[in-house]
Every structure is written in structure tokens, then in C-alpha cells.
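Asker: I need the structure of the sequence given here:
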Amino acid sequence: MREHVRRRLVELWTRLFAYAFSLTRDRDQAADVLQQAALNALAAKCLPNREHAIKAWLFRIVRNAWIDICRHDAVRRREEVLHDIDLQPWAYDDRIIAEVTVAQGLAVIDPAHREIIALVDMHGFRYAEAAEILGVPEGTVMSRLSRARLALLDAIGGNVVAIESAKRRTSP
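Answerer: Below you'll find the model as predicted:
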């Protein structure tokens, strides 16, 4: 069974890293979280009984490793983690603008909101799977997700200006 966990880690490595990155907003810290999570998963004495439960179990281990590192870092330092967005090559592209806007919104919302959006909207977990990862009822996931989406919309709302409105303000 331990070999199966190793294989699933390799299979899901990119998605697990993306999840860790969405939690930490820093590539180096995400790599540290994922490395600790892999060590924890491989050293676990109690493994999930069901085959399909291993995926959610691994995401939960990543989340718990992130929480542990945050607690440790909070004792050592109190500085904000910055997210570096690579915009090169820049071209007027609605997709890039949308990604940047959402990334900026995610950076300012509460980490709990960012986490639920990452699980459901970015990584495609169903409500039941997200509930299992977070250790909460499915209804709680739905209400948290609703509040998180509203918080994200509120965060990016000030940055969104209709092009027609902007033209009218700059026209004589």
C-alpha cells in the first residue's frame, strides 16, 4: 500500500504543488509544504482504506503541512508573503487581465476564503471531497464557498471599470 501512496504522490505532484502554491502564494514555500507533506504521507501509519480516498487524503496532508509551517513561521517572522506574477511577454489579452485581476483579489482575501476557492474552483474538487479535505460538513463547504466568492468579487470589484465609462471620463 505504501508503494501505491508513492505512485499517487508522483501522479498528483503537479496538482498538489498548485494547491500548496494557492495556499502559500510563494513558490519556495509551496515546495517546502509539498516536501513536508510527501514525507508525512510516506511515513503515515494509517492509510485510507478506499483507493479513491487517497487523493483527498493527500490534499488534506498538504493543507495540514501548510498550517504547521504557518504556525512555525508566525513565531519566527511577521512579514507578508508577496506573489510574483510573470507578465512577460505582455500583450493586451482579456485572459491575462482576468488572471491578474483574480490573482490580485486572491492575494487580499482571507486565507480561509482563498483555500476554499482553490479547492473547488481551481482544483475541481466536488463539495463532498472538499468537505473531506477540510474536515467539515458538505453544507459548510457550500456556504464558505459562497462567502469566499463574494469576498473575491468584492476585492476585485474596485479594480473593474467598464471600458465605456473609462472613455467617457477621459473624453473632453
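Asker: and the residue nearest to residue 136 when sequence neighbours are not counted, what element?
Answerer: Once flanking residues are discounted, residue 136 sits nearest to residue 144: 7.8 Å by CB to CB, 6 or more residues apart in numbering. C-beta here means a position set from N, CA and C on the backbone, and glycine is covered the same way. In the assignment (DSSP states H and E), residue 144 maps to helix 138-157.
Asker: that helix - contacts with which helices or strands?
Answerer: Helix 138-157 sits against helix 94-108, helix 111-117, helix 127-134, with contacts defined as 3 or more CB pairs under 8 Å, 6 or more residues apart in numbering; DSSP states H and E.
Asker: buried stuff in the first one?
Answerer: The reference is to helix 94-108. Neighbour-count burial for helix 94-108 flags 102, 105, 106 (criterion: 16 or more other CB atoms under 10 Å).
Asker: quick check: angle from it to helix 138-157?
Answerer: Going by axes from the mean of the first three to the mean of the last three CA atoms, to 10 degrees, helix 94-108 is angled at 110 degrees with respect to helix 138-157.
Asker: noted, bye for now.
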